[in-house]
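J.: I'll drop the sequence and a predicted model, then ask my questions.
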Amino acid sequence: MENTPKLGCVVMAAGNARRFGENKLAAQLRGRSLILRALEAVPAEKFDKVVVVTQYPEVMRLAGEFRFAAVHNPHPDYGISHTIALGLTELRDCDGVLFQVSDQPLLRRESVAELADRWRARPEKIAALGHGGVRGNPCLFPARFFPELLELREDHGGNTVIRRHEEDLFLLEVPAEELHDVDTVQALEELKAEAAR
């Protein structure tokens, strides 16, 4: 087999969603929950291993249905850095890891697959989806950045690392709606209204 970089994926599904006020991942858009949409957006064939980090037993079960590894996060209150560390620890033998959030319900599997392919052609770079030159999620980091990611604390995520290495970043342009994240009930209602139009 040719020497292609080994690529992992972390689906980050652990947060308390304080701004949303309830388990956001169970919220529905067009009859499908946000977490189901997030898992469906993972092109499993592009990854050597997919890990779902979550505090919720029902999400762990759902991950199993997709044949993804599930990692329990007993401390979502520690912030996103803890979720990153748990996922990365599972994937430390990978050459790169893509971090995908669970609240971008219009993210397309094809876009994530293309991001993985583009990164494989430039595996020394950080890759992310973007629109109009503005970076969004998911983001993909080569292994040389793993130590910095593991040093993150509290609610500091991959943004912190990217800001230190902007010259190492390239963006894959996608439509704006794919990058919409749903942090509040209002944001979800707006998305539903858009979808209905």
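T.: That came in fine, so what should we check first?
J.: what ranges do the helices span in the chain?
T.: For the chain, the helices defined by DSSP state H occupy 34-40, 57-65, 80-90, 109-121, 146-150, 158-164, 176-179, 185-196.
J.: Select, out of those helices, the one closest to Gly130.
T.: Nearest of the helices of the chain to Gly130, taken as C-beta to C-beta: helix 176-179 at 7.6 Å. C-betas here are computed from N, CA, C, even on glycine.
J.: which helices and strands does that closest one pack with?
T.: Counting contacts by 3 or more C-beta pairs under 8 Å, 6 or more residues apart in numbering; DSSP states H and E, helix 176-179 packs against strand 126-131, strand 134-142.
J.: Kindly compare burial across the ones you listed and name the winner.
T.: Most buried of these by mean neighbour count (mean count of other C-beta atoms under 10 Å) is strand 126-131; its value is a mean of 22.
J.: got a list of contacts for it?
T.: 107, 111-112, 115, 118-119, 135-142, 145, 161-162, 165, 168-176, 178-179 (C-beta atoms under 8 Å, 6 or more residues apart in numbering).
J.: report the angle between the axes of it and helix 109-121?
T.: 140 degrees (axes from the mean of the first three to the mean of the last three C-alpha atoms, to 10 degrees).
J.: Give the buried residues for the helix or strand bottoming out on mean pLDDT in the chain.
T.: Ranked by mean pLDDT, DSSP states H and E, the weakest helix or strand in the chain is helix 185-196, scoring a mean of 79. By 16 or more other C-beta atoms under 10 Å, the buried positions in helix 185-196 come out as 187-188, 191.
J.: Could I get those in a markdown table, plus columns for distance to Pro123?
T.: Output for these, formatted as a markdown table (distance: C-beta to C-beta, whole Å):
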| residue | distance to Pro123 |
| --- | --- |
| Ala187 | 34 |
| Leu188 | 36 |
| Leu191 | 34 |
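J.: By neighbour count, sort out the buried ones in the contacts of strand 126-131.
T.: Buried subset of these (neighbour count, 16+ other C-beta under 10 Å): 107, 111-112, 115, 119, 135-142, 145, 161-162, 168, 171-172, 174, 178-179.
J.: Any idea how far apart the tips of stretch 97-114 sit?
T.: By C-alpha to C-alpha, to the nearest Å, the extent of stretch 97-114 from end to end equals 15 Å.
J.: That should have said stretch 122-129, apologies.
T.: Stretch 122-129 end-to-end distance (C-alpha to C-alpha) = 15 Å.
J.: before we move on, the earlier item: which strands or helices does the least confident helix or strand of the chain pack on?
T.: In terms of contact count using 3+ C-beta pairs under 8 Å, 6+ apart, helix 185-196 is assigned the packing partners strand 28-29.
J.: and the strand it packs on, average pLDDT?
T.: Strand 28-29 shows a mean pLDDT of 82.
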